[in-house]
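Enquirer: Quick check, what structure comes out for this input:
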Amino acid sequence: MSANSDNNISIIIPNIRNIPDSEMPRIAGLRDGRWSSTTKALLQRFGTNKLNLNTGWAATWESWSCPCCGRYKSQIARLSAGNVLLCNLEEHHDHLVDHCKTIYREAMNDLPEGDDRVQMSRAEGYLMPLIERFARILICNDCNHAEGRIKYELVGEIERNFTFTTSEIVCFIEVEENRPHGIDFGKARQIWQSAKADYHDRIEFARMMAHRIADGRHRREARHAPVPEMQRSDRDIVHDLVRGALPDLWRLHLGEHIQARSISRDGAGSSMKPRRPTAVLAPTDREYAEVDRVRSSESKYWRNTGEDWRCPCCNRGKRETVRKSNRGRWTAGIHQVREYEPERRPDALEWRRLGKHSCPVIGGYSLFLICQDCRDISAALMRRHVQLFPECLTLENRRELAGAAQENASYDTDFLRAFDLATENEPLVSGIMGFLEHRREVRHMKAEILRIHHQGCSLPHSRKLVAAEKANSGQCDEHCADSYVKWMLEEEERLDNLEKAERTFNSES
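Expert: Just a heads-up that it's a prediction; the model follows:
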């Protein structure tokens, strides 16, 4: 290649779903998966062909070791009671930050719309690293499970938003290769007592800073566009050229296909916790007809779903979900849930991240009808852990927790595993909160434009005034602000259509 002339290159984008396993390392460098030689060696070593390998394991290289217990992947993998090889790594983060974000946003919600809210929103991302006791980190499932079990077993003794650091976890776990950790609860109590004062001090610091920033202190002027890069990297330039030549490249979803080739969910729902035997009683035809009559009169979801409906989580049909309650009465139900989906549109990702710190970006949601027992998994979990949100479990999580669901019987839910899953989903919940805030922002922007318009300005001029206010906030320049306002109005229409579709779904279901 020459720097003095044009250079032409051709790239073959493989069909990731069909290429041989031996080709995967070439396009998934420094990653792992069911296709890797290490994983295949582990399956052979443990004498099984069943594999449960999650995204954390797939996202790391084959020789990765846990920064907490120090074990390598070959020492972490272990068999479940169902002879499934478990290869799972989890993201560990400080729950104190979630609690302090709530404190901070309560103070921000008391402010009127305008520059004060912009200042406070911008400051949040800089403040939280000063509050958290440790940065997000990937650890093995056994270390994460041990930390969760401590808080589960010592509920009432340890503050619910306290999280042990990796250097603290290693002090109370008893490590063995290819086995779950033992736990020294006495040492965990001692660590909590030593860390308690610092924990409460950080909360007070967050509360103090929230009030100071809300009062207009610590303002930071940023009325100009960000300083441009003095020299762009070759990688960024080539990326822009490729994206310009192939504007629809993102529609190939290459990263998603690599992940799909890498992870495995064999044995989802198989828990180390033994299932208690349950006496199962199925309704007679007459009893089911009465349940169907009553539920049809009370629930549009039940009334409007046919007998061929099956729960997308447990795969049971309507009649198979009918069971005796603890009071001896027949009970059943069908409920709507939202399954939130990541934003994939490149332009939307750029605008949504404008002036924000990295977090999962949610673009919308799909609606599903699930059975009462699958819905009640999260309800029961929230009764045990009141700090959790209804969105803490995905459909896939419920599917795992339901396992091989028994007809006409309730679940013996492994709530320790459910709590682990809910904890893993906290970045997703943050993304959902961000999506709901985004929806509020687009509504406010349209309402502000209409307010100015009703005072006598034309709609184009009203949009320009709102764009000028956005530019003055320092988050983008004037040209960028015009484009942003245009995009936000398009977003308002898109989200309004999404809600209309939800209302149609509810009227037809």
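
Enquirer: Endpoints of stretch 23-36, how far apart?
Expert: Terminal residues of stretch 23-36 are spaced 10 Å apart (Cα to Cα, to the nearest Å).

Enquirer: again with stretch 86-103
Expert: End-to-end span of stretch 86-103 (Cα to Cα): 38 Å.

Enquirer: Relative to the whole chain's centre, how far out is it?
Expert: 11 Å (Cα atoms, centre = their mean, to the nearest Å).

Enquirer: Report the buried residues of it.
Expert: For stretch 86-103, a neighbour-count test (16 or more other Cβ atoms under 10 Å) marks 86-101, 103 as buried. Placement of C-beta: from N, CA and C, glycine included.

Enquirer: Could you pick out which of those residues are located in strands?
Expert: Under the assignment DSSP state E, the buried residues of stretch 86-103 contribute 86-87, 89-92 to strands.

Enquirer: Redo the residues you listed as TSV? Include pLDDT and distance to residue 348.
Expert: Output for these, formatted as TSV (pLDDT from 0 to 100; distance: Cβ to Cβ, whole Å):
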residue	pLDDT	distance to residue 348
86	94	36
87	96	34
89	95	30
90	91	29
91	90	24
92	92	30
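
Enquirer: Which pLDDT value goes with residue 272?
Expert: For residue 272, the model assigns a pLDDT of 43.

Enquirer: got it, and residue 27?
Expert: pLDDT, residue 27: 89.

Enquirer: next one: residue 143
Expert: On the pLDDT scale, residue 143 gets 96.

Enquirer: And residue 307, by the same measure?
Expert: Per-residue confidence (pLDDT) for residue 307: 91.

Enquirer: How about the contacts made by it?
Expert: Taking Cβ atoms under 8 Å, 6 or more residues apart in numbering, we find residue 307 in contact with 317-319.

Enquirer: Report the contact partners of the nearest residue to residue 281 once chain neighbours are set aside.
Expert: Here the nearest residue to residue 281 in space, its sequence neighbours aside, is residue 324; by Cβ to Cβ, 6 or more residues apart in numbering that works out to 5.7 Å. Going by Cβ under 8 Å, 6+ apart, residue 324 touches 281, 330-331.

Enquirer: Closest to the centroid, which residue in the protein?
Expert: Per Cα atoms, centre = their mean, the C-alpha nearest to the average position across the chain is that of residue 428, at 1.9 Å.

Enquirer: measure it to residue 396 for me?
Expert: Separation of residue 428 from residue 396 (Cβ to Cβ, to the nearest Å): 11 Å.

Enquirer: and what of residue 101?
Expert: Distance of residue 101 to residue 396, computed by Cβ to Cβ: 26 Å.

Enquirer: Check residue 183 too.
Expert: Taking Cβ to Cβ, one finds residue 183 at 28 Å from residue 396.

Enquirer: So the two - more neighbours on which side?
Expert: Remark: of residue 183 and residue 396, residue 183 carries more neighbours, 18 against 13, as counted by other Cβ atoms under 10 Å.

Enquirer: Tell me if I'm right that that one and residue 171 touch.
Expert: No. At 11.0 Å, residue 183 does not count as touching residue 171 under the criterion of Cβ atoms under 8 Å.

Enquirer: For the contacts of residue 307, which single residue is the most surrounded?
Expert: residue 318 (21 neighbours).

Enquirer: Just to check, that residue is in contact with residue 305?
Expert: Yes. Here residue 318 reaches residue 305: they are 6.8 Å apart, a contact under Cβ under 8 Å.

Enquirer: Not counting sequence-adjacent ones, nearest residue to the residue nearest to the centre of the chain?
Expert: residue 360 is the one closest to residue 428 (Cβ to Cβ, 6+ apart), at 5.9 Å.

Enquirer: contacting residues around that neighbour?
Expert: Residue 360 touches 342, 427-428, 430-431, 434, counting by Cβ under 8 Å, 6+ apart.

Enquirer: From these, list the buried ones, please.
Expert: Going by neighbour count (16+ other Cβ under 10 Å), the contacts of residue 360 have 428, 430-431, 434 buried.

Enquirer: So which residues of this protein form strands?
Expert: Under DSSP E, the chain gives strands at 51-53, 78-79, 85-87, 89-92, 137-140, 173-174, 182-183, 264-265, 323-324, 330-331, 334-342, 362-371.

Enquirer: Tell me the strands beside the first one, with direction?
Expert: This points to strand 51-53. Strand pairing for strand 51-53, using DSSP bridges, gives strand 85-87 (parallel), strand 264-265 (antiparallel).

Enquirer: how about the ones you listed in TSV, adding distance to residue 57?
Expert: Output for these, formatted as TSV (distance: least, Cβ to Cβ, whole Å):
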stretch	distance to residue 57
strand 85-87	5
strand 264-265	10
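
Enquirer: can you pull the contacts of residue 391?
Expert: 338, 340, 425, 428-429, 432.

Enquirer: Please tell me I have it right and residue 323 contacts residue 329.
Expert: No. Contact criterion Cβ under 8 Å: residue 323 and residue 329 do not qualify, at 10.0 Å.

Enquirer: residues near residue 161, how many?
Expert: Residues near residue 161, counting by other Cβ under 10 Å, number 17.

Enquirer: what's the answer for residue 206, then?
Expert: Count around residue 206 with other Cβ under 10 Å applied: 23.

Enquirer: so who does the residue lying closest to it once chain neighbours are set aside touch?
Expert: Once flanking residues are discounted, residue 206 sits nearest to residue 100: 3.8 Å by Cβ to Cβ, 6+ apart. Applying Cβ under 8 Å, 6+ apart to residue 100 gives the contacts 128, 131, 202-203, 206.

Enquirer: so what's residue 117 up against?
Expert: Counting by Cβ under 8 Å, 6+ apart, residue 117 touches 108, 111.

Enquirer: quick one: it from residue 104, how far?
Expert: Using Cβ to Cβ, residue 117 is found at 12 Å from residue 104.

Enquirer: quick one, which of residue 323 and residue 329 is more surrounded?
Expert: More crowded of residue 323 and residue 329, by other Cβ under 10 Å: residue 323, with 21 against 9.

Enquirer: gap between the residue lying closest to that one once chain neighbours are set aside and residue 398?
Expert: Excluding the flanking residues, the one nearest residue 323 by Cβ to Cβ, 6+ apart is residue 408, at 4.8 Å. Going from residue 408 to residue 398 by Cβ to Cβ gives 19 Å.

Enquirer: So the two - more neighbours on which side?
Expert: residue 398 (27 against 19).

Enquirer: Let's see the pLDDT reported for the more buried one.
Expert: Note for residue 398: predicted pLDDT of 93.

Enquirer: out of the strands of the chain, nearest to residue 149?
Expert: strand 182-183 (6.4 Å; Cβ to Cβ).
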